[in-house]
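Participant: Mind looking at a prediction? Sequence and model below.
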Amino acid sequence: MLNWLCKWFHSDSRALSDSCGPKVKMSLRFYYDLMSQPSRALYIIFKISNVQYQDCPVALRKGEHLTEEFKENINRFQRVPCIIDDGYKLAESIAILRYLSAKGKIPEHLYPKYFVEQARVDEFLEWHHITLRVTCSLFFRTIWMDPLLTGVRPSNEKIQHLTQHMEANLDIVENVWLQKTDFLTGQRLTAADIFAACEIEQIRLADYDVRIKYPKIKAWLKRVRAGCNPHYDNAHQYVYKISGTAPHAKL
Amino acid sequence: MAKFKYYYDLMSQPSRALWIALRLGKIPYEDCPVALRKSEQLKPEYQQINRFQKVPALVDGDFHLGESVAIVRYLADKGQFSEQLYPKALEQRARVDEFLEWQHLGVRLGCATYFLDMWLLPMNGIKPKPSAEKAAILSKNMESQLKILEEIWLKDTPFVVDNKMTVADLFGACEVEQTKLAHYDVGKKFPKIAEWMQRVREQASPHYDAAHEFIYKKSGMKPSNSKL
Ligand SMILES: N[C@@H](CCC(=O)N[C@@H](CS)C(=O)NCC(=O)O)C(=O)O
Ligand SMILES: N[C@@H](CCC(=O)N[C@@H](CS)C(=O)NCC(=O)O)C(=O)O
């Protein structure tokens, strides 16, 4: 009986989308790639929150998100992360976090419900797009990904330029966000820390060691990892492996 | 309820979006203009207001908050924001949020980079005028985002989220308006965006025109039926 049910669920979900894990049928489908920073952030948040979802990994490197089927049936923007919750499609990691929080799926310590506390977390999340995210991911893409695709390395001048822009924002994380507190928005770990850490971990791939110039970021990253493990290390397994820079300490 | 202080400059796109939304919602606030052209945001006094030295910003009692989208949510939760503009229903709100999160690296990054490099920085002698080649890259990057606005967000609805104007439309339209200063005419390649902006302008009247007065004047691209 069980076997038959499994098979049925299996074929049912395959019919809807080939990329989804077929084991259990859930109303929430989570599409992500662990090589994507906001995907990892949501993955860690979901694991900590014990959000039940149907696992739908998408391999960006194989262009699985670029098909017409993905655009029509999964995410019109053809990016990850995204969800389909009982037929409701939603993209943008932070919009997804807020939606699930409003549905009571995310614990308050990660995304506060009280609006004054929530505003502090929002302030970081809204700040990070055009500052930390854009400069870290440009750094990573130009130095690590583009050469893989084109075989051409960026000039030293270009690398210097990218480093400068990224460091201007790392400076703000070090000196403003982490000025007086253990975490970005206070004394406790929130979704803001998880999003930020996932962006900063990505630049390991381009051989940037943030710990050299930024002692506060270094100590904070340790705290975030400790607060999120084992999910943090699981989410970063490929980043560690490909960059050859796994953290030494077992937690 | 004591009024909160709103710090803004109408030359700033997110400042305008929020300014229009506050006026449409008839929300009382204490008016605190900050002149970016005089670098008032860089003064130590302003750093006390907003540690990131950007506009817009809000001070409510002793609570200081930056980031326009965070301000929208804070005020909405306090009941000091129009519910039409930032709907409460779960799925609609998430859709507005989806746009607000997208716009940062979408239409904002594309349009603001174009405006800065083509107009503001050369005009102030901070950067040379971009070469033809550079200008082509800037417009290509911007247009790849405008294309998403035209073909996805406005695919089959009059506003970016369904049939009613929300704060998402205001954020989007204020970014596109800014490119007029660099003499970009969005309607040439993106007819749906041009029509949508007209709709947003009408729905947000008269505050929309009031917020864009300087841009209309400076660019010479005033909508033909504007009373300004
Ligand atoms: N602002 C979006 C960013 C989404 C995004 O940029 N995703 C990237 C991976 S990190 C992607 O799917 N890229 C695929 C592509 O652009 O083709 C979010 O926070 O969800
Ligand atoms: N993400 C911020 C952007 C704020 C921002 O970039 N403000 C600009 C004007 S549009 C500013 O204050 N610039 C002054 C400066 O950088 O010195 C928001 O949405 O509030």
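Facilitator: The structure has been received and is ready for your questions. Ligands and ions are numbered 1, 2, ... in the order given.
Participant: How are the helices of the chain distributed by residue range?
Facilitator: Reading this off chain A. A:2-16, A:37-49, A:68-73, A:93-102, A:115-128, A:134-140, A:146-150, A:156-172, A:191-202, A:215-228, A:231-235, A:237-243 (DSSP state H).
Participant: if you could check chain B rather than the one you did, that'd help
Facilitator: Under DSSP H, chain B gives helices at B:13-24, B:44-49, B:68-77, B:90-103, B:109-115, B:121-123, B:132-148, B:167-178, B:191-203, B:207-211, B:213-219.
Participant: got a pLDDT number for B:P223?
Facilitator: Looking at B:P223, its pLDDT is 89.
Participant: which residue packs closest to it, ignoring adjacent ones?
Facilitator: In space, and not counting its chain neighbours, B:P223 is closest to B:R201: 6.6 Å by Cβ to Cβ, 6 or more residues apart in numbering or on different chains. C-beta: built from backbone N, CA, C; applies to glycine.
Participant: check contacts around that neighbour.
Facilitator: By Cβ atoms under 8 Å, 6 or more residues apart in numbering or on different chains, the residues touching B:R201 are B:173, B:208-209, B:223.
Participant: what's the answer for A:A102, then?
Facilitator: B:90, B:93-94 are the contacts of A:A102 under Cβ under 8 Å, 6+ apart.
Participant: What of A:T135?
Facilitator: So A:T135 contacts A:162, A:165-166, A:168-169 (Cβ under 8 Å, 6+ apart).
Participant: Kindly recompute the last result at 10 Å.
Facilitator: For A:T135, the contact set (Cβ atoms under 10 Å, 6 or more residues apart in numbering or on different chains) comprises A:162-170, A:199, A:203.
Participant: Now, of those residues, which are buried?
Facilitator: For the contacts of A:T135, a burial check counting by 16 or more other Cβ atoms under 10 Å in any protein chain shown picks out A:162-163, A:165-167, A:169-170, A:199, A:203.
Participant: Which two among the residues you listed are spaced furthest apart?
Facilitator: Maximum pairwise distance in the buried ones among the contacts of A:T135, criterion Cβ to Cβ, is 15.3 Å, between A:T163 and A:E199.
Participant: Can you name the residue of the stretch 151-251 of chain A that approaches chain B most closely?
Facilitator: A:V176 (5.8 Å; Cβ to the nearest Cβ).
Participant: what's the pLDDT at that residue?
Facilitator: 97.
Participant: same deal with A:L149?
Facilitator: 89.
Participant: Could you tell me how many residues sit around it?
Facilitator: 8 (other Cβ atoms under 10 Å in any protein chain shown).
Participant: so what's the residue lying closest to A:D85 once chain neighbours are set aside up against?
Facilitator: Sequence neighbours aside, A:L28 is the residue nearest to A:D85 in space, at 5.0 Å (criterion: Cβ to Cβ, 6+ apart). A:L28 sits next to A:46, A:51-54, A:83-86, A:88, A:100, A:103, A:105 when contact means Cβ under 10 Å, 6+ apart.
Participant: Mind doing that once more with 7 Å?
Facilitator: A:L28 makes contact with A:52-54, A:83, A:85, according to Cβ atoms under 7 Å, 6 or more residues apart in numbering or on different chains.
Participant: Kindly report the same for B:S226.
Facilitator: By Cβ under 7 Å, 6+ apart, the contact set of B:S226 is B:209, B:216.
Participant: any idea how far it is from A:A102?
Facilitator: B:S226 sits 39 Å away from A:A102, going by Cβ to Cβ, to the nearest Å.
Participant: The residue lying closest to A:F70 once chain neighbours are set aside: neighbouring residues, count only.
Facilitator: The spatially closest residue to A:F70, leaving aside those adjacent along the chain, is A:Q78, at 6.0 Å (Cβ to Cβ, 6+ apart). Neighbourhood size, A:Q78 [other Cβ under 10 Å]: 18.
Participant: So A:Q78 sits against A:E68, correct?
Facilitator: No: if you go by Cβ atoms under 7 Å, A:Q78 and A:E68 don't touch, sitting 9.7 Å apart.
Participant: Ligand 1 contacts on chain B?
Facilitator: B:101, B:105 (Cβ under 6 Å from any ligand atom).
Participant: Quickly list the domain ranges of chain B.
Facilitator: The record's domain split for chain B, according to automatic domain parsing, is B:5-77, B:90-219.
Participant: Might you calculate how far the shortest one sits from the centre of the chain?
Facilitator: The one in question is domain B:5-77. Domain B:5-77 sits 13 Å away from the centroid of its parent chain (Cα atoms, centre = their mean, to the nearest Å).
Participant: Report the separation between the two terminal residues of it.
Facilitator: Length of domain B:5-77, first residue to last, Cα to Cα, to the nearest Å: 17 Å.
Participant: Any part of that domain near ligand 2?
Facilitator: Yes: Domain B:5-77 reaches ligand 2 (Cβ under 6 Å from any ligand atom) through B:12-14, B:36, B:41, B:53-56, B:67-69.
Participant: Would that domain count as contacting chain A?
Facilitator: Yes: Domain B:5-77 reaches chain A (Cβ under 7 Å from any Cβ of the partner chain) through B:51, B:63, B:65-67, B:69-70, B:73-74, B:77.
Participant: which residue packs closest to residue 158, ignoring adjacent ones?
Facilitator: I'll assume chain A. Closest to A:K158 by Cβ to Cβ, 6+ apart is A:T142, at 6.8 Å.
Participant: that's the other chain; I wanted chain B
Facilitator: That would be B:R199: by Cβ to Cβ, 6+ apart, it lies 5.9 Å from B:P158.
Participant: now do A:V173
Facilitator: Residue nearest to A:V173 in three dimensions, not counting chain neighbours: A:I217, with 6.0 Å by Cβ to Cβ, 6+ apart.
Participant: Can you give me every residue that contacts that neighbour?
Facilitator: Neighbouring residues of A:I217 by Cβ under 7 Å, 6+ apart: A:170, A:173-174, A:178, A:200, A:210.
Participant: now with 10 Å?
Facilitator: For A:I217, the contacting residues are A:170-171, A:173-174, A:177-178, A:196-197, A:200, A:210-211, by Cβ under 10 Å, 6+ apart.
Participant: what's around the nearest residue to A:A192 once chain neighbours are set aside, how many residues?
Facilitator: In space, and not counting its chain neighbours, A:A192 is closest to A:F124: 3.9 Å by Cβ to Cβ, 6+ apart. Using other Cβ under 10 Å, the number of residues around A:F124 comes to 23.
Participant: What of the one 3 residues further on?
Facilitator: Using other Cβ under 10 Å, the number of residues around A:W127 comes to 26.
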